[in-house]
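Asker: Provided below for reference: sequence and predicted model.
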Amino acid sequence: MIADGHIDVPYRLKEKLGPDGEPTEDVSQRTAEGDFDYPRAMEGGLDVAFMSIYIPAEYQEKGGAKALADSLIDMVEKLARKSPEKFAMARSVEEARHNSQEGKVSFAMGIENGAAIEDKLENVAHFQKRGVRYITLTHSKDNQISDASFNQGKRAWNGLSPFGKQVVAEMNRVGIMVDVAHLSDDAIRQAVELSQVPVIASHSSCRHFTPGFERNISDELIRAVAAKGGVVMINFGSAFLIQAVHAYEQELTKAAESFAQARSLAKESPEMKTFVESYLREHPMPLARVEDVADHIAHVVKLVGIDHVGLGSDFDGVGPTLPTGLKDVSQYPNLFRVLLERGYSEADIEKIASGNVFRVWQQVEAHAARL
């Protein structure tokens, strides 16, 4: 079975609603855009798609984060209801296995950005009842729960907030996996320490290959996650995989700044937009390859063993930066071919593909049931 820890279909569809309020694309059929649809999922052998219930950071300030999360959950449930022969919700590993036996793609759900909880601890249980099985504690900015890796300035909490520590305990209590993707190093350290059960990084790669890119996870923290029994799920975006993308972005920034200064242009001006578009055309961004994803998997295995690595593609979230050979959900077999050629066994690949995240999911639910 293949379980992908992070696919951004719901928000992508939300951004393209028709006048009737319905998505303009039907992912039960082959679609012209995006990285996920049913025919391609079947070609790639995908069994479980963790649908990301993504809450942009602006909702932390303007309000409405919980309402947005509920509406995206409604959308995922509706997708499953409209095509019951193709899709089904999965609230447990058992349901996911059952759906797979029936030839259906399962939708599990993870909230990306704990801002959806707002300031009410009871919303954690609300989302558990709605079928959410992991929560990424923050996203691109510090929120009411945690500091974010992307915030390089003064941080709000030096890790988790006092409320954030309560949220982790409540997630443990109700049976929601704690997701440390997007967190600052201190916040990851504290979440791992506080959680009574293993945690996941649902779509994070290894900082070893991208020094200075804090969104990826350091060797020290990979060891900490693994020591607690957790799983690091590798992101397929090229910026997560190869340092060349970061060097390219610095060059682009430099070129754009000097163009703007020479002409006294504002950052948002139409001329700047045209300049950036032509730069991207003339100097295409370097792309990772499927082998680079295999290198990140190998790095985790070398550090902490085969039981602590999984897949969290970020399909529909990292757009044109996907690697050669892993452009959409039809192409997982390309990765498994590379792993087989490198000497991984079928049993190893089963763990990477789904076994490890299923184990954590079951441990988290068993702990909640005991409580």
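Answerer: Ah, there it is.
Asker: Do you have the helices of the stretch 1-150 of the chain handy? List them.
Answerer: Using DSSP state H, counting those that start in this stretch, the helices of the stretch 1-150 of the chain run over 9-14, 38-44, 58-62, 65-82, 93-101, 122-129.
Asker: Tabulate those (CSV), appending distance to residue 312, mean pLDDT and mean neighbour count.
Answerer: In this view, the C-beta of every residue, glycine as well, is placed from N, C-alpha and C. Converted to CSV, those look like this (distance: least, CB to CB, whole Å; pLDDT from 0 to 100; neighbours: other CB atoms under 10 Å):
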stretch, distance to residue 312, mean pLDDT, mean neighbour count
helix 9-14, 14, 96, 22
helix 38-44, 15, 98, 19
helix 58-62, 22, 93, 15
helix 65-82, 17, 98, 18
helix 93-101, 16, 98, 17
helix 122-129, 19, 98, 17
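Asker: any chance of those helices in CSV, plus distance to residue 2?
Answerer: As requested, the helices of the stretch 1-150 of the chain are arranged in CSV below (distance: least, CB to CB, whole Å):
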stretch, distance to residue 2
helix 9-14, 16
helix 38-44, 7
helix 58-62, 31
helix 65-82, 18
helix 93-101, 9
helix 122-129, 25
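Asker: The ones you listed: which one's closest to residue 258?
Answerer: The stretch from the helices of the stretch 1-150 of the chain with the least distance to residue 258 (CB to CB) is helix 58-62; that distance is 30.4 Å.
Asker: contacting residues around that closest one?
Answerer: Contacts to helix 58-62, defined as CB atoms under 8 Å, 6 or more residues apart in numbering, come from residues 65, 68, 113, 115, 141, 143, 144.
Asker: how far out from the middle of the chain is it?
Answerer: The chain centroid and the centroid of helix 58-62 are separated by 20 Å, computed with CA atoms, centre = their mean, to the nearest Å.
Asker: Moving along the chain from the helix or strand hosting residue 278, name the first helix or strand you hit.
Answerer: Take DSSP states H and E as the rule and residue 278 turns out to sit in helix 270-282. Proceeding C-terminally, helix 270-282 gives way to helix 290-304 as the next helix or strand, assigned by DSSP H and E.
Asker: same for that following helix, what does it pack against?
Answerer: Counting contacts by 3 or more CB pairs under 8 Å, 6 or more residues apart in numbering; DSSP states H and E, helix 290-304 is packed against helix 219-227, strand 231-234, helix 238-241, strand 309-311, helix 332-341.
Asker: Which of the helices of the stretch 1-150 of the chain sits closest to residue 287?
Answerer: With distances scored as CB to CB, the stretch of the helices of the stretch 1-150 of the chain nearest to residue 287 is helix 38-44 (19.2 Å).
Asker: Walk me through the domains of this protein.
Answerer: The chain breaks down into these structural domains: 2-241+289-370, 243-285 (assignment by automatic domain parsing).
Asker: ranking these by burial, who's on top?
Answerer: Mean neighbours per residue, mean count of other CB atoms under 10 Å, is largest over these for domain 2-241+289-370, with a mean of 20.
Asker: Distance from the chain centre to that one, please.
Answerer: Put simply, domain 2-241+289-370 sits 4 Å off its chain's centre (CA atoms, centre = their mean).
Asker: Do me a favour and get the end-to-end distance for that domain?
Answerer: Taking CA to CA, to the nearest Å, the span from the opening residue of domain 2-241+289-370 to its closing residue is 28 Å.
Asker: longest helix in the chain, by residue count?
Answerer: Ordering each helix of the chain by length in residues (DSSP state H) puts helix 244-263 first.
Asker: contact partners of it?
Answerer: Residues outside helix 244-263 that contact it (CB under 8 Å, 6+ apart): 210, 212-213, 238-239, 265-267, 271-272, 275-276, 279-280, 283, 285-286, 288, 321.
Asker: go again using 10 Å as the cut-off
Answerer: Counting contacts by CB atoms under 10 Å, 6 or more residues apart in numbering, the residues outside helix 244-263 that touch it are 210-213, 237-239, 242, 265-267, 269, 271-272, 275-276, 279-280, 283-288, 321.
Asker: Could I get the full set of strands for the stretch 101-250 of the chain?
Answerer: For the stretch 101-250 of the chain, the strands defined by DSSP state E, counting those that start in this stretch cover 105-112, 132-136, 177-179, 200-201, 231-234.
Asker: mean confidence score for the fourth one?
Answerer: Mean pLDDT, strand 200-201: 98.
Asker: Same question for the third one.
Answerer: Model confidence over strand 177-179 averages 99 on the pLDDT scale.
Asker: With the first one instead?
Answerer: Across strand 105-112, the average pLDDT comes to 98.
Asker: List the pairing partners of it within its sheet, with orientation.
Answerer: strand 46-54 (parallel), strand 87-89 (parallel), strand 132-136 (parallel) (DSSP bridges).
Asker: got those as CSV, with mean pLDDT and distance to residue 233 columns?
Answerer: As requested, the strands paired with strand 105-112 are exported to CSV (pLDDT from 0 to 100; distance: least, CB to CB, whole Å):
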stretch, mean pLDDT, distance to residue 233
strand 46-54, 98, 9
strand 87-89, 98, 21
strand 132-136, 98, 10
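Asker: got those as TSV, with distance to residue 97 columns?
Answerer: As requested, the strands paired with strand 105-112 are arranged in TSV below (distance: least, CB to CB, whole Å):
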stretch	distance to residue 97
strand 46-54	8
strand 87-89	11
strand 132-136	15
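Asker: pretty sure residue 156 contacts residue 162?
Answerer: No: with contact defined as CB atoms under 10 Å, residue 156 does not count as touching residue 162 (11.5 Å).
Asker: Thank you kindly, that will do.
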